[in-house]
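*Asks:* need a 3D model of the following:
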Amino acid sequence: MPVAASLLPPLLAAALCWGAGVAGAAPLKVFILAGQSNMQGHAKASTFEHIGMDPATKPMLDAMLGPDGKPKVCERVWISSIGCGPDEKAEQTGKLTAGFGASQNGPKIGPEFTFGIFMEKLTDAPILLIKTSWGGKSLHTDFRPPSAGPYVFNEAQLAQFQKQGKDVAAMKVEKEKATGVYYRRMVEHVKMVLGDLKRVVPGYDAAQGHELAGFIWLQGWNDMVDSGVYPRRDQPGGYAAYSDALAHLIRGVRRDLGAPKLPFVIGVMGVAGPTAAYGPDEQRYKAAHQNFRDAMAAPAKLPEFQGNVTALLAEKYWDRELTMLKARENALRQQAKKLATDGKLKPAEERAVFEKLRAEGLTDRERKVLEVGISNFEFHYLGSAKILGGIGKGFAEAAHSLMTQGQRQR
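*Replies:* The predicted structure follows:
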């Protein structure tokens with residue numbers, strides 16, 4: 001588990017954490033990271049090794065590890081996170097290191113780890129990450145901002161409910177209750193942390209002040225797969241309602257936090273990589289997936305958001321080799337299953353057949369990649385630290401670019 005700086009002797013903690021509060025030091029830069037399960041992060045620390053197997057990403061691994069070879073503990077980055085702990089409201093705080101991802105079967109990381117590591121390299125200021133992420137949450141309902149208005153069931157949904165004999169009036173009441181719950185929790189937690197920064201950042205000096213420096217959004221799966229809410233999702237414009245709600249979210253966060261030009265980075269869904277590279281088994285999803293990605297990125301093109309909203313394509317960080325090796329391994333597993341069925345083999349014998357086929361069909365390196373590169377499902381970016389680490393690094397670079405652009409415009 002992450003170790004909070006507050007566990008250190010008070011005077012030592014203050015000196016280490018804040019540079020002893022030297023007068024004239026830069027204000028604390030505060031970044032908000034919000035979204036659903038992929039913002040939580042399901043990449044186990046055990047997948048770090050895979051990052052070093054690729055010369056292109058080996059430098060990222062070097063930045064993620066300390067001199068002792070263990071996950072780095074950032075000296076100038078602190079975090080307050082809710083939604084990743086044992087319950088939805090449990091808060092985790094401390095200096096940023098590995099372990100602030102989803103709590104199940106950890107330690108895990110999300111984008112926050114490399115975001116903090118590389119933002120620390122890009123600025124001399126102390127940094128605070130406020131992470132609010134809950135698995136399985138939608139923008140159309142859960143994160144829906146007040147200005148977007150209540151969610152209204154479409155005609156197809158209402159017809160389906162009536163056909164199923166459901167109490168539509170009661171469903172409307174329940175939907176109204178659920179609407180915006182996680183938007184409000186997000187804003188409330190940010191305000192709570194900002195109201196007592198010294199609680200999370202030992203040694204914080206109010207005289208130095210703080211600034212809201214950026215908002216990072218990584219969400220989308222629950223909207224993308226909801227054919228009820230988006231019945232035309234395989235057609236151009238089928239996710240227009242998502243674009244509209246996301247634009248409202250940007251405006252709402254800025255208004256509610258009193259930061260009218262808060263830099264905002266949209267993490268555009270990238271599961272399975274670029275749709276142009278989809279294989280035969282993925283073609284049936286291609287149109288919907290691309291339409292959704294276009295809808296996610298659309299708010300960044302609005303005139304009102306020019307210069308302070310940008311879209312980062314998470315697909316750029318997908319590792320196609322993992323997908324291909326996983327597909328080959330699954331084909332070998334199916335081959336073993338068929339041989340077991342034909343030969344009426346026992347489970348242990350089937351496993352032995354599979355291991356033999358795997359040893360013959362995959363090289364030592366390929367088996368190693370599968371063993372240390374994947375720790376979760378595809379919709380969780382394979383639980384790959386290489387993928388989520390790349391996304392986090394990309395977020396830091398995009399946020400820093402918006403920050404510097406905003407400073408030039410002042």
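*Asks:* OK, contacts around the closest residue to Y242 other than its chain neighbours?
*Replies:* Nearest residue to Y242, sequence neighbours excluded (C-beta to C-beta, 6 or more residues apart in numbering): A295, at 4.7 Å. The way it works is simple: take the backbone N, C-alpha and C, and place the C-beta from them, glycine included. Contacts for A295 were tallied using C-beta atoms under 8 Å, 6 or more residues apart in numbering; they are 238-240, 242-243.
*Asks:* the closest residue to M269 other than its chain neighbours: neighbour count?
*Replies:* Leaving aside its chain neighbours, M269 sits nearest to G220 (4.5 Å; criterion: C-beta to C-beta, 6+ apart). Using other C-beta atoms under 10 Å, the number of residues around G220 comes to 27.
*Asks:* one more: G195?
*Replies:* 8.
*Asks:* likewise for M64?
*Replies:* 25.
*Asks:* what distance do you get for it to G270?
*Replies:* 20 Å (C-beta to C-beta, to the nearest Å).
*Asks:* got it, and M171?
*Replies:* Distance from M171 to G270, by C-beta to C-beta: 33 Å.
*Asks:* the more surrounded of these two?
*Replies:* Using other C-beta under 10 Å as the criterion, M171 and G270 rank with G270 on top: 25 against 14.
*Asks:* what sits closest to the more buried one if chain neighbours are left out?
*Replies:* Closest to G270 by C-beta to C-beta, 6+ apart is A314, at 2.9 Å.
*Asks:* isn't the one you found right up against A272?
*Replies:* No: contact criterion C-beta atoms under 8 Å: A314 and A272 do not qualify, at 10.5 Å.
*Asks:* show me which of those two is the more surrounded one.
*Replies:* More neighbours surround A314 than the other of A314 and A272, with 27 against 21 (other C-beta under 10 Å).
*Asks:* quick one: buried residues of the host helix or strand of R255?
*Replies:* If you go by DSSP states H and E, R255 is part of helix 240-256. Within helix 240-256, the residues that count as buried by 16 or more other C-beta atoms under 10 Å are 241-243, 245-254, 256.
*Asks:* from those, which is closest to L388?
*Replies:* Nearest to L388, judged by C-beta to C-beta, of those is L246 at 21.4 Å.
*Asks:* who's in contact with that closest one?
*Replies:* Neighbouring residues of L246 by C-beta under 8 Å, 6+ apart: 139, 217, 266, 296, 298-299.
*Asks:* burial check on G165, number of neighbours?
*Replies:* The number of residues packed near G165 is 7, by other C-beta under 10 Å.
*Asks:* helix/strand/coil for it?
*Replies:* What DSSP: H, G, I helix; E, B strand; the rest coil gives for G165 is coil.
*Asks:* pLDDT score for it?
*Replies:* Looking at G165, its pLDDT reads 96.
*Asks:* same question for the one 5 residues further on.
*Replies:* Confidence per residue is given as pLDDT, and for A170 that number is 96.
*Asks:* swap in G406?
*Replies:* In this prediction G406 is given a pLDDT of 76.
*Asks:* doesn't it fall inside a strand?
*Replies:* No: looking at G406 with three-state DSSP, it is helix, so not inside a strand.
*Asks:* since that was my last question, I'll sign off now.
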